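**Student:** 3D model of this:
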Amino acid sequence: MEQIRSALAAAQHAEMVAFGRHQVEQQIALVENGRLDPVALGRGIAEQIALACRVSPLHGSHRLGIARALDSDLPGVGALLAAGRISEPIAEIMVSQTSHLDPELRRLVDRQLTEGGLDELSLRRAESLISRCAYDADRAGYLTRGRTARKDRRVGLRPAPDTMSVLSGFLPVEQGVACLAALRAHDHHPRRRAVPGPVLRRRDPAPRPHRPPPNRRSHQFRQRAWDLRPRELRPRDARLARRAHRRRARGTTTHRTHHHPHRPHLHQ
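**Tutor:** Below is the predicted model:
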């Protein structure tokens, strides 16, 4: 099933690329006829893909970029995805980690990873290997990409069920940690309030419920309450046991005589 899923993702990428090329050809024809501004060439393609995939235009543009990169710059990874030998997340990581490279270096990294057994690694190990190869291919560009990524920082708010909302942010590390510390400092929930210190994960221990000291007369009270229950609600064995205990406490074992009208010999 996972192989079929990867093959379907590769087929969808191929359809996106073909649709994009067809739309560009039509727009070029409109530009030549003077019916379209050349500046608008290529616009609207990602929006149509997003409409077909039922996602936002941002996600549609992201999917189209991945499909174009796998088709032109990363043919080896695209072939592995079409054969079902790698998953779609690995292909997306490959496109993202090599975005700072030019097409020639991208194809070089693609060849290295394809021949190096990328399809035999897990997701985490594949991501580590891809990052290392992308860094070795162009170290300066890799660091520059990290610095320019700060320009894309953003904060978003989207609704959630039960009149709640989800606050998300794409921030640099130091700013993300500062925001998290500020939010936790203003949290008034007693069990979720952060403890000031170097570790933000520490929480205040939950207050334990107050327990009164043991009462020595509690056992006697329970025994007395048991004795005051109606006779029909008390078990017979327990009643007889308490009766025998009281006899032993009085130091006598004599039985009480009862009047039997039909047995006069018992009164002698």
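
**Student:** show me the shaky parts of the stretch 51-200 of the chain.
**Tutor:** Low-confidence segments of the stretch 51-200 of the chain, defined by pLDDT under 70: 188-200.

**Student:** mind listing the helices for it?
**Tutor:** 57-72, 75-82, 88-97, 103-115, 123-137, 139-148, 173-185 (DSSP state H, counting those that start in this stretch).

**Student:** okay if I get the ones you listed as JSON lines plus distance to Pro161?
**Tutor:** All C-beta spots, glycine's among them, are computed from the backbone N, C-alpha and C. Below are those laid out as JSON lines (distance: least, CB to CB, whole Å):
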{"stretch": "helix 57-72", "distance to Pro161": "21"}
{"stretch": "helix 75-82", "distance to Pro161": "35"}
{"stretch": "helix 88-97", "distance to Pro161": "27"}
{"stretch": "helix 103-115", "distance to Pro161": "41"}
{"stretch": "helix 123-137", "distance to Pro161": "30"}
{"stretch": "helix 139-148", "distance to Pro161": "36"}
{"stretch": "helix 173-185", "distance to Pro161": "21"}
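
**Student:** got JSON lines for those, with mean neighbour count too?
**Tutor:** As requested, the helices of the stretch 51-200 of the chain are exported to JSON lines (neighbours: other CB atoms under 10 Å):
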{"stretch": "helix 57-72", "mean neighbour count": "18"}
{"stretch": "helix 75-82", "mean neighbour count": "21"}
{"stretch": "helix 88-97", "mean neighbour count": "20"}
{"stretch": "helix 103-115", "mean neighbour count": "17"}
{"stretch": "helix 123-137", "mean neighbour count": "16"}
{"stretch": "helix 139-148", "mean neighbour count": "12"}
{"stretch": "helix 173-185", "mean neighbour count": "12"}
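
**Student:** nearest to Gln27, out of those helices?
**Tutor:** With CB to CB as the measure, helix 57-72 is the member of the helices of the stretch 51-200 of the chain nearest Gln27 (14.7 Å).

**Student:** just the CA trace of that closest one, in PDB.
**Tutor:** Extracted in PDB, the C-alpha atoms of helix 57-72 (Å, rounded to 0.1, in the frame of the first residue of the first chain):
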ATOM      1  CA  PRO A  57      -3.400  28.500  -2.900                       C
ATOM      2  CA  LEU A  58      -0.300  28.500  -0.800                       C
ATOM      3  CA  HIS A  59      -0.300  24.700  -0.600                       C
ATOM      4  CA  GLY A  60      -1.100  24.500  -4.300                       C
ATOM      5  CA  SER A  61       2.000  26.600  -5.100                       C
ATOM      6  CA  HIS A  62       4.100  24.500  -2.800                       C
ATOM      7  CA  ARG A  63       3.000  21.300  -4.500                       C
ATOM      8  CA  LEU A  64       3.600  22.700  -7.900                       C
ATOM      9  CA  GLY A  65       7.100  23.700  -6.900                       C
ATOM     10  CA  ILE A  66       7.900  20.200  -5.600                       C
ATOM     11  CA  ALA A  67       6.600  18.600  -8.800                       C
ATOM     12  CA  ARG A  68       8.700  20.900 -11.000                       C
ATOM     13  CA  ALA A  69      11.800  20.300  -9.000                       C
ATOM     14  CA  LEU A  70      11.500  16.500  -9.100                       C
ATOM     15  CA  ASP A  71      10.800  16.600 -12.800                       C
ATOM     16  CA  SER A  72      13.700  18.900 -13.800                       C
END
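
**Student:** I am finished for the moment; much appreciated.
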